[in-house]
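S.K.: after the sequence you'll find the predicted model.
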Amino acid sequence: MAADRSAPELTEDGRPTAAYRRHLAGRSRLPRTACAALGVGYVVLGILGLHEGGLGEMGTDTVPPPSLGGLGGSPLLSYAHLVWGVAALLCALSVGSTQVLGMIGSVAFLGLVTYDVVALIASQPGEVFAVRWPAAVLHGVTWAVAVALYLAADAAKRPPHPREDPT
């Protein structure tokens with residue numbers, strides 16, 4: 001008796017066919033590419049922020065001047081952008097790590113957006129990140145991208161709907 005093949009994407013011995021492996025690789029390309037693009041953007045943003053703002057003191061009473069199209073921020077925020085970008089570039093290597101980055105990013109950036117809005121409303125001198133509204137909007141967009149990365153990577157990891165076996 002032949003082996004039970006619950007999915008037509010499997011060979012007789014139960015391994016995925018070459019066509020099915022190519023199909024799964026194509027599904028994981030979009031979230032991984034988006035993760036890499038996010039990483040490149042944040043690495044560039046972190047490097048430019050450190051270049052324009054310098055490696056000055058963090059959390060002092062002096063607010064750095066607006067830079068990078070109003071994104072500005074303290075060196076601590078530039079370091080955070082740089083670290084997030086490097087993490088996104090590393091996580092773009094596999095769809096599983098892209099999903100983890102999306103999950104962590106969705107929680108972290110939701111907290112950061114909340115902090116940004118509260119800090120901007122209170123507008124205290126010496127605020128640690130020295131955020132401005134454009135940076136808060138960027139963090140909100142990054143939160144949405146992180147949620148989308150999580151969902152897209154989750155969908156890419158799932159096998160397609162099983163088909164009915166005619167036998």
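M.R.: Right, received. Where do you want to start?

S.K.: got a list of what the residue nearest in space to the middle of the chain touches?
M.R.: When C-alpha atoms, centre = their mean is applied to the chain, the residue found nearest the centroid is Ala146 (4.5 Å). Listed by C-beta atoms under 8 Å, 6 or more residues apart in numbering, the contact set of Ala146 reads 101-106, 108-109. Heads up, the C-betas are built off the backbone N, CA and C, glycines and all.

S.K.: elements contacting the host helix or strand of Val118?
M.R.: If you go by DSSP states H and E, Val118 is part of helix 95-122. Judged by 3 or more C-beta pairs under 8 Å, 6 or more residues apart in numbering; DSSP states H and E, helix 95-122 is in contact with helix 18-53, helix 75-91, helix 133-157.

S.K.: tabulate these (a markdown table), appending distance to Glu12 and mean pLDDT.
M.R.: A markdown table is the format used below for the helices and strands packed on helix 95-122 (distance: least, C-beta to C-beta, whole Å; pLDDT from 0 to 100):
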| stretch | distance to Glu12 | mean pLDDT |
| --- | --- | --- |
| helix 18-53 | 14 | 84 |
| helix 75-91 | 36 | 92 |
| helix 133-157 | 25 | 91 |
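
S.K.: what's the most buried one of those helices?
M.R.: helix 75-91 (a mean of 20; mean count of other C-beta atoms under 10 Å).

S.K.: quick one: distance of it to the chain centre.
M.R.: Between the centre of helix 75-91 and the centre of its chain there are 10 Å (C-alpha atoms, centre = their mean, to the nearest Å).

S.K.: so which elements touch it?
M.R.: Using 3+ C-beta pairs under 8 Å, 6+ apart, helix 75-91 is in contact with helix 18-53, helix 95-122.

S.K.: tell me the angle of that helix relative to helix 18-53?
M.R.: 160 degrees (axes from the mean of the first three to the mean of the last three C-alpha atoms, to 10 degrees).

S.K.: let me know the average pLDDT across the helix holding Val118.
M.R.: The pLDDT scores in helix 95-122 average 92.
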